[in-house]
Every structure is written in structure tokens, then in C-alpha cells.
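Novice: what's the 3D shape of this:
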Amino acid sequence: MSKKGRVLVAMSGGIDSSLAAVLLHEQGYQVIGMTMKTWDYASAGGSKKETGCCSLDSINDARNIAVNLGFPHYILDIRDEFGDYVIDHFTSEYLNGRTPNPCVLCNTHIKWEALLKRADQLDCEFMATGHYANVRQENDRYVISKGKDDLKDQSYALWGISQKNLARTQYPLGGYTKNEIRQMAADRGFKALLSKPESYEICFVPDNDYRGFLKRRVEGLEEQVHGGDFVLEDGTVIGEHQGFPFYTVGQRKGLGVALGYPVYVTEIQKDKNRIVLGTFDELARDGMYVHQLNMVKYQQLSQQRMDAVTKVRYNDSGTPSVLEQVGDTIKVFFGKGVHAIAPGQAAVFYEGEDVIGGGWIASSFSQNN
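Specialist: Numbering: from 1, shown residues only. Alright, predicted model coming up:
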């Protein structure tokens, strides 16, 4: 047994998770690699060749790293569990007029639980991933903070991990930039990893056609959610949409509406079967309600009204805000309007580099509403 301990590393076959395993191995940990099979794309009826973390090529790439370094590698099949929870939630959210974030949901409710369960069976004290983020213990809390590389920081996707699971989690790449990791891979002879494309797709929708996925997944969907009205903010009908699940807040392209100026989806009114369109300025909201919270840095807000920077999507740079706890919900006030706040997406609150906590966006509001 290594003096550093035994660590289970989630390996997708890509450069980041592979280098996470390599670095921990070099630091003296007893590494065990684990690749999760979450989805079989052929069963969705898609036309694109299976790619990404679930493909046979990716599994083989992860195994080859393990063989080269001399540590064990296993495949964990969680397709049933993944499908029941993540994909059912994905389809349900769209059918309720919201925009889901399956990757965050998978991290917090599937991958960590599945990996730590397996880690226990393999006598691993820790688990590690290739995320660009950091975790530390501060007093009685385990705190997630941003990774060194601002362009690759993935702390937004990790807000939902419980304190119990964070206590056993390591992020070996948190102190490096992507360019440094690429150079490390080259220096160690893993040049094949450098040519692998980055994957930004949802693993079970690798053709990026979520509308086609929904139609294949939900029998009779187009009959259930037939077209309704496109309306302006004042209620004026200006066209007909093809079904509210096929639109997202902030969408501009593919609307099929020509008004002589750009319009965006500003609201999805499921109960009225209406899609509200407006200008970019009308897309802005002054605040939002966030529920189903997971607090990270503090057990609850450190003040009744707390200053923070809030992100409303993964690639959001964040906006200064004031947080107010209202029961099990946090009401977020923005100093200036924030565009395209989509119910169903995750909101994450930051204090400097640290994640205060996060939750799911329930609704947005404007002060003049």
C-alpha cells in the first residue's frame, strides 16, 4: 500500500483525466483507473458515430494509459442508472418548459455516488477527476474554488457535490493551465492525447440535435406538444411555434420569424403554449429565484444579505449580485440586467475564487414586473 494512499481516478480517455491519473501516479498514490459507460448512443437512433467518453475508442485509450503506467483499470457500466435519472430528467425538464443541465446533474447525483461506491469496494480512500478546479478543507467545510486556468475553470459544474463526497475528492489539475497539461502530456510521450478533439457535447446527444433526441425518446411528442403562438411582450401574436419543448430562453436562430430586427426567446409559457419573443434588451432580467440548493463554503449564507458574483450558465463570466435567503430558496438581485436567465439551468454563487453554493434556477423577475 502506498504511503500516499489509494485513489480511484475517473478516466474518460481524454487528455485531462489521463494526466490526472499520471500526476497522481507520479506523486506516489496507488492509482486505480475507472471508465464509466453511461450511454449507448446507438440505442437512441442517432445517425452519428458514437464518440466521446462512452465510445469504445475512449475506453481503450484510458486502458492503454493504465497499462503503460502499470496500474489497474476497470469499466463501470452505469447505463441503467444514468438513463433512469439523467435522461428522464432531461426530457421532463424540456416537456415542462425549462432548459436542463444534464452534465451538472450527472456529476452531482450519478458519477460521484457511483465512483465512491466503487472506491469503497476497492479500498480507495480518495477519488479524483480531471476537472480544472480545486478543493480544500477550511474549518469544518470542504470548499470548491476555481482552477488556475480561467478559460478552463470547471467549478461551475461541481457545486452540487456533497460535503461528504468532497472530503474524499481530489482535483490534480486545479493548479495548472490547459497549456501546461498539454506540455506535460507531450513531455511524457503521450502525444496521441494531444490530437484528441475536446468534447463539448452532451454525451447522449453527440449530434447536438436535442430536438431530434426528444422526438425519438418521447413517443408521440409532436402530437402532445403541438404548435402554439409566438407573441411579443405585450401579447401581440406574430407567428406560430412548433412546440414549446423545442425552444430555449435566449434562442435567436431557427425561430422562423422576420420582424426586421433581431428577436430572442424571452419566456416559455408552457401552460398557455406560448413562446414570448423580445429584443435583446427585453431579454434582460433584474434577478431570479434559485432553489434545490447545495451550500459549499458555508452551511448557510454568512449574512442575511450577502454580496456575491453569480454565474447563470457554464460560460458566464459572472455578475455582481446580492443574495438573500428566503426559506429554502435564494433570491438573487443583480446590479444590472442579466440576459437569458433560463429556468432549469444551474446558478452558482462565488465569493472571490470560492464557490459559496449553487442551485437550480426556478424563475427570473424584473423589478418593473
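
Novice: Quick one: end-to-end length of stretch 236-252, please.
Specialist: 18 Å (Cα to Cα, to the nearest Å).

Novice: Run through who's touching it.
Specialist: Residues from elsewhere that reach stretch 236-252 (Cβ atoms under 8 Å, 6 or more residues apart in numbering): 94-95, 97, 99, 211, 214, 221-222, 225-232, 255-257, 259, 262-270, 273-275, 277, 283, 339-343. For every residue, glycine as well, the C-beta is placed using N, CA and C.

Novice: Buried residues, it. List them.
Specialist: Residues of stretch 236-252 classed as buried by neighbour count (16 or more other Cβ atoms under 10 Å): 241, 242, 243, 244, 245, 246, 247, 248, 249, 250, 251.

Novice: closest to residue 17 among the residues you listed?
Specialist: For these, the residue nearest residue 17 by Cβ to Cβ is residue 248; the value is 29.2 Å.

Novice: Need phi/psi at residue 94.
Specialist: phi -60, psi -40 (degrees, to the nearest 10).

Novice: Setting aside sequence neighbours, what's the nearest residue to it?
Specialist: With sequence-adjacent residues excluded and distances taken as Cβ to Cβ, 6 or more residues apart in numbering, residue 94 is closest to residue 245, at 4.1 Å.

Novice: Who does the helix or strand containing residue 348 pair with, and is each partner parallel or antiparallel?
Specialist: For residue 348, the element it lies in under DSSP states H and E is strand 346-351. With DSSP bridges as the test, strand 346-351 is paired with strand 305-311 (antiparallel), strand 354-365 (antiparallel).

Novice: contacts for that strand?
Specialist: The contact list for strand 346-351 (Cβ under 8 Å, 6+ apart) reads 101, 104, 146, 155-157, 159-160, 288, 290, 297, 308-313, 318, 321, 323, 330, 332, 355-361.

Novice: Can you tell me which of those are buried?
Specialist: If you count burial by 16+ other Cβ under 10 Å, the buried members of the contacts of strand 346-351 come out as 101, 104, 146, 155-157, 159-160, 288, 290, 297, 308-313, 321, 323, 330, 332, 355-361.

Novice: all strands for the stretch 51-200 of the chain, in order.
Specialist: 73-77, 126-128, 133-138, 141-146, 169-170 (DSSP state E, counting those that start in this stretch).

Novice: Out of these, point me to the one whose mean pLDDT is lowest.
Specialist: For these, mean pLDDT drops lowest on strand 73-77, to a mean of 93.

Novice: Would you mind listing the buried residues in it?
Specialist: Neighbour-count burial for strand 73-77 [16+ other Cβ under 10 Å]: 73, 76.

Novice: Cross-check the contact I'm expecting between residue 5 and residue 31.
Specialist: No: using Cβ atoms under 8 Å, residue 5 is not in contact with residue 31; the gap is 10.4 Å.

Novice: If you count surrounding residues, which of those two has more?
Specialist: The neighbour count for residue 5 versus residue 31, taken as other Cβ atoms under 10 Å, is higher for residue 31 (29 against 14).

Novice: In what element of secondary structure is the more buried one found?
Specialist: Short version, using DSSP H and E: residue 31 is in strand 30-37.

Novice: Check the offset of that strand from the chain's centre.
Specialist: 21 Å (Cα atoms, centre = their mean, to the nearest Å).

Novice: in its sheet, what does that strand sit against?
Specialist: strand 6-10 (parallel), strand 73-77 (parallel).

Novice: Out of those, which is closest to residue 116?
Specialist: strand 6-10 (8.1 Å).
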